[in-house]
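>>> turn this into a structure:
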Amino acid sequence: MKKLLIAILVLTAFFSCSENKSNLPSGSAKEVLSNDLYGQLSEKYDSIADFEFGYAVVKKGKYGLLDYKGQEVLECLYDTIFTINSDAKVLKQNDKYGIIEYNGNKITELDNDEIKFKPDCIDTKIIAVKKGQSWGIIDLKGNVLIPFEYDDIASIDSHNAVVGKNGKYGLIDSIGNFSVELKYDTIYYHFEESDISLVELNRCIGLVNSQNKVVTDCDFNCEYLTFRSMGGRVPRIEAPQNGYIRLEKFQADANKSKLYGLVECETGKIVIPFEYDDMGDYSEGLIWAEKDHKCGYLDIQNRVIIQFKYGQAYNFSEGLAAVGERDGYYNAVMGRVPNFKIGFIDKNGNVVIPFQFKPQFASTTPEFHEGLSPMGVSSNNYWGLNIGYINKKGEFVIKPIYNEAEPFENGLGKVKRNDKEGFVNSNGEEVIPIEYEYVCFENDTLVYCSRWSDGTIDYYTNKQGKVQKTEAQ
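Numbering: from 1, shown residues only. Model prediction:
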């Protein structure tokens, strides 16, 4: 009993002396430091970042680390210091990287040539490290989990990494087990930020489910359907929708065009066979498909729900889908092409909005979001060059005075006029002026607006249209 009591006292003393990270202050330097201390340190340093668990990155020419008592834990000697997660940070000096704990304690030496980890992930447990020409994986204590024997680590998350060796790639976990064999030309891990991945072999695509199991052979979207972009090789495949992915398959006769089908992501099961000339997304229980130059709608059992009789079709949204009815031909540069008028149908195939509109020249599809859909009119025989927004009665509630318009999001519609972009609200009021080269949502409430001419960026709140901050690019 006496020994047990002594052990408890020793443990209590140990933990009371140890730093409890969760009890350390976080927040801006003004919030964490006293007024006097903040004044003194503001004069000493070029900048003081926010404190995270009692420590903040400071700059004085170069970067260092400061504790909440104002003591310099790391001298300002480093080219950069950035956060991995709440447990660790990265140092860079003279093109070499090291890793430290949140409080500046060393995890690795400053002798790594490159590192990779999943950014903005509080659950990060592993880091890819390059030494010389070889990559390996360590944990946040500096222990080597995967030996330094790989030529590349193409992608990494909190528990898995895509590794490359001798031109082939596989998927490995943090204890060295391969869930995807090291034999593929490329792996698109968590494709389009989904739970599934794609593997590529001989320029053909296969499917990997959310459990990192390969569920199809590499039979799809072959050859020229994979192209090179500025970001590298990117497969021309739409992101999966509602647990299914639309893929393309070549026919045995090379002179015949490819066919489309729908595959279940988790099982690899073909739910809609590869017998259609084109196909949309599985949306609101239906998917449009084209066969023999006619479009209709299928359910997930491949049953025809709306007959194949339209010249064009689009995805269902908010219970309606835009469809095109042929209205003669248009003489274009490439020859005579079909001319269409656009209307909307419900899921029973009833015409709800008559065929009176024109398709938009831009790639944006006419879909209802927040009760409105972008739609065009024009004297031109084919394209709707004047774009506005209609309601579900087919009435223009925002006048067709724009060159392009996108579906509503977060209470605003992105519009373009005279090569300038901005946002309007549901009343047609110009909330973000149409004077920017590029606008988009930074998040649900903040809008990013860029002026390429003078290199400035404005940030607006999406509802009020007030500039929150301006910065140089």
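>>> use CA for all of it now, contacts and neighbours both
Noted.
>>> which phi and psi does the closest residue to Asp95 other than its chain neighbours have?
With sequence-adjacent residues excluded and distances taken as CA to CA, 6 or more residues apart in numbering, Asp95 is closest to Asp113, at 6.9 Å. Here is the backbone geometry of Asp113 (degrees, to the nearest 10): phi -80, psi -20.
>>> quick one: average pLDDT of the one helix or strand Cys76 maps to?
Element membership of Cys76 [criterion: DSSP states H and E] is strand 72-78. Mean per-residue pLDDT for strand 72-78: 97.
>>> what's the answer for stretch 182-199, then?
Across stretch 182-199, the average pLDDT comes to 95.
>>> before we move on, what about stretch 391-407?
94.
>>> and that stretch, how far out from the chain middle?
Taking CA atoms, centre = their mean, to the nearest Å, the mean C-alpha location of stretch 391-407 is offset from the chain mean by 28 Å.
>>> can you get me a residue count around the residue nearest to Asp95?
Applying other CA atoms under 10 Å, we find 18 residues neighbouring Asp113.
>>> need the contact list for it.
Residues near Asp113 by CA atoms under 8 Å, 6 or more residues apart in numbering: 95-97, 129-132.
>>> just name the closest of the residues you listed to Glu318, please.
Val129 (47.6 Å; CA to CA).
>>> just the element for that closest one, please.
Using DSSP H and E, Val129 falls within strand 126-131.
>>> ok, that strand: who's next to it in the sheet?
In the sheet containing strand 126-131, its partner strands are strand 114-116 (antiparallel), strand 134-139 (antiparallel), by DSSP bridges.
>>> of those strands, which stretch is the most buried?
Mean neighbours per residue, mean count of other CA atoms under 10 Å, is largest over these for strand 134-139, with a mean of 21.
>>> who touches that strand?
The contact list for strand 134-139 (CA under 8 Å, 6+ apart) reads 125-130, 144-153, 174.
>>> any idea how far it is from the chain center?
With CA atoms, centre = their mean, you get 26 Å for strand 134-139.
>>> what element comes up after that strand heading to the C-terminus?
As assigned by DSSP H and E, the chain's next helix or strand after strand 134-139 is strand 144-150.
>>> in that following strand, what counts as buried?
Residues of strand 144-150 classed as buried by neighbour count (16 or more other CA atoms under 10 Å): 144-146, 148, 150.
>>> could the residues you listed go into TSV alongside pLDDT and distance to Asn302?
Output for those, formatted as TSV (pLDDT from 0 to 100; distance: CA to CA, whole Å):
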residue	pLDDT	distance to Asn302
Val144	95	50
Leu145	95	47
Ile146	95	46
Phe148	96	49
Tyr150	97	45
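>>> mind putting these in CSV, distance to Cys121 included?
Shown next, in CSV, are those (distance: CA to CA, whole Å):
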residue, distance to Cys121
Val144, 20
Leu145, 19
Ile146, 20
Phe148, 24
Tyr150, 24
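>>> ok, Ile175 - how many residues close by?
Neighbourhood size, Ile175 [other CA under 10 Å]: 12.
>>> distance of the residue nearest to it when sequence neighbours are not counted relative to Asn177?
Once flanking residues are discounted, Ile175 sits nearest to Leu145: 6.2 Å by CA to CA, 6+ apart. From Leu145 across to Asn177, the span is 11 Å (CA to CA, to the nearest Å).
>>> cool, and Ser42?
Ser42 is 50 Å from Asn177, by CA to CA.
>>> the two: which is more packed in?
The neighbour comparison of Ser42 against Asn177 (other CA under 10 Å) goes to Ser42, with 15 against 12.
>>> if we can go back for a sec, give me the buried entries from the contacts of Asp113.
Neighbour-count burial (16+ other CA under 10 Å) applied to those gives 96-97, 129-130.
>>> now, which of these sits nearest Ala161?
Using CA to CA, these come closest to Ala161 at Val129, 11.8 Å.
>>> quick one: contacts for the closest one?
Val129 touches 112-116, 135-138, counting by CA under 8 Å, 6+ apart.
>>> again with Asp292
Counting by CA under 8 Å, 6+ apart, Asp292 makes contact with Asp277.
>>> repeat that for Leu446.
Contact criterion CA under 8 Å, 6+ apart gives 459-462 as the residues in contact with Leu446.
>>> so what's it bridging to?
Bridge pairing for Leu446 (DSSP bridges) gives the partners Thr461.
>>> could you do Gly296 as well?
Beta-bridge pairing for Gly296 (DSSP bridges): Ala289.
>>> change the start of the numbering to 50 and stick with it
Taking 50 as the first residue, the last one we looked at is Gly345.
>>> could you check how far it is from Pro408?
Separation of Gly345 from Pro408 (CA to CA): 18 Å.
>>> neighbour-wise, which of the two wins?
The residue with more neighbours, out of Gly345 and Pro408, is Pro408; 28 against 24, by other CA under 10 Å.
>>> you'd agree the more buried one is up against Ser427?
No: here Pro408 does not reach Ser427: they are 9.8 Å apart, not a contact under CA atoms under 8 Å.
>>> so which of the strands paired with strand 175-180 is nearest Glu339?
Between the strands paired with strand 175-180, strand 163-165 lies closest to Glu339; by CA to CA that is 43.8 Å.
>>> what's in contact with the closest one?
Strand 163-165 has contacts (CA under 8 Å, 6+ apart) with 145-146, 176-180, 205.
>>> ditto for stretch 100-111
If you take CA under 8 Å, 6+ apart as the criterion, stretch 100-111 is touched by 70-78, 81, 93-99, 112-117, 125-130, 135, 151-152.
>>> ok, now with 7 Å
The contact list for stretch 100-111, computed with CA atoms under 7 Å, 6 or more residues apart in numbering, reads 70-71, 73-78, 94-99, 112-117, 125-128, 152.
>>> which parts of it are buried?
Buried residues in stretch 100-111, counted by 16+ other CA under 10 Å: 100-108, 111.
>>> next one: stretch 350-362
353-355, 357-362.
>>> show me which of those residues is closest to Asn435.
For the buried residues of stretch 350-362, the closest approach to Asn435 (CA to CA) belongs to Gln361, at 20.0 Å.
>>> find the nearest non-adjacent residue to that closest one, please.
Ranked by CA to CA, 6+ apart and with sequence neighbours excluded, the top spatial neighbour of Gln361 is Gly373, at 4.4 Å.
>>> please apply the same query to Thr519.
Asp507 (4.6 Å).
>>> correct me if wrong: the one you found contacts Cys498.
Yes: between Asp507 and Cys498 a contact is recorded at 5.1 Å, counting by CA atoms under 7 Å.
>>> who has more neighbours, these two?
Comparing Asp507 with Cys498 by neighbour count (other CA under 10 Å), the higher total belongs to Cys498, at 25 against 18.
>>> which helix or strand contains the more buried one?
When secondary structure is defined by DSSP H and E, Cys498 falls within strand 495-500.
>>> now swap in Gly88 and tell me
Assigned by DSSP H and E, Gly88 falls in helix 84-93.
>>> buried set for that helix?
Buried residues in helix 84-93, counting neighbours by 16+ other CA under 10 Å, are found at 87, 90.
>>> direction included, what does the helix or strand following it pair up with?
Scanning forward in sequence from helix 84-93 by DSSP H and E, the next helix or strand is strand 96-97. If you go by DSSP bridges, strand 96-97 pairs up with strand 104-109 (antiparallel).
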